[in-house]
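Got a predicted model here, sequence first, then my questions.
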Amino acid sequence: MKLHELRDNPGATKPKKRIGRGPGSGTGKTGGRGIKGQKSRSGVSINGYEGGQMPLYMRLPKRGFNKPNRKKFAVINLGLIEKFVEAGTLDAKAEITEDLLVETGVVRRKLDGVRVLAKGEVTSKLNITVTGASKAAVEAVEKAGGKLTITAAAAAE
């Protein structure tokens, strides 16, 4: 068998039905849409409408709640801070603040503050001041001999 000898099974493909092409076609005149009414007109799509019955999307229960005044923090892992310290972008001896992290490009933007998470290893003795941090991150920095301070603005909320 060669590539040019390949064929579909007989009856596997049918030609597309051409709608609205005269009375001989079987779907001429109204084109299978019936007579008059909203659905016979062009440009009408009534998605989700169930003929007056309560639609499915309204019958299903609503779940969850989105807090309108929620805080969005820029998240950074300890491993990334350590990587930047080793690369020489950040100075381990100086205090690492949110503004410094943005300045050096470790964090793109502050948003409502910077939150430090504990992913990654810390070997340097770091002095970090941020809006938020996980307990594990605070422990990891202190274990390495550093200090992680959370600012009062975040603690008040």
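Everything's here; your move.

which non-adjacent residue is nearest the residue nearest the centre of the chain?
Centroid-nearest residue in the chain, with CA atoms, centre = their mean: residue 72, separated by 13.9 Å. Using CB to CB, 6 or more residues apart in numbering and skipping the chain neighbours, the partner closest in space to residue 72 is residue 111 (4.9 Å). All C-beta spots, glycine's among them, are computed from the backbone N, C-alpha and C.

Around that neighbour, count how many other residues there are.
Residues lying near residue 111 (other CB atoms under 10 Å) number 14.

On the three-state scheme, the residue lying farthest from the centre of the chain is what?
For the chain, the residue at maximal distance from the C-alpha centroid (CA atoms, centre = their mean) is residue 24, at 53.0 Å. For residue 24, the assignment made with DSSP: H, G, I helix; E, B strand; the rest coil gives helix.

cool, and residue 96?
Here residue 96 is recorded as strand under three-state DSSP.

What residues does it make contact with?
81, 90, 126-129 (CB atoms under 8 Å, 6 or more residues apart in numbering).

cool, and residue 142?
If you count contacts by CB under 8 Å, 6+ apart, residue 142 has them with residue 148.

buried sites along the helix or strand where it lies?
Residue 142 belongs to helix 135-143 when assigned by DSSP states H and E. Buried residues in helix 135-143, counted by 16 or more other CB atoms under 10 Å: 137-138, 140-141.

Now the helix or strand just after it: average pLDDT?
Sequence-wise, the next helix or strand beyond helix 135-143 is strand 147-150, with elements assigned using DSSP H and E. Mean pLDDT, computed over strand 147-150, is 86.

What of stretch 119-131?
86.

Same question for that stretch: list its buried residues.
Under the neighbour-count criterion of 16+ other CB under 10 Å, stretch 119-131 has 122, 124, 126-131 buried.

remind me which residues of this protein are low pLDDT?
Within the chain, the segments meeting pLDDT under 70 span 152-157.

now do 80
For the chain, applying pLDDT under 80 flags the ranges 45, 92, 152-157.

May I ask which two of the buried residues of helix 135-143 are separated the most?
Greatest spatial distance among the buried residues of helix 135-143 (CB to CB): 138 and 140, at 7.4 Å.
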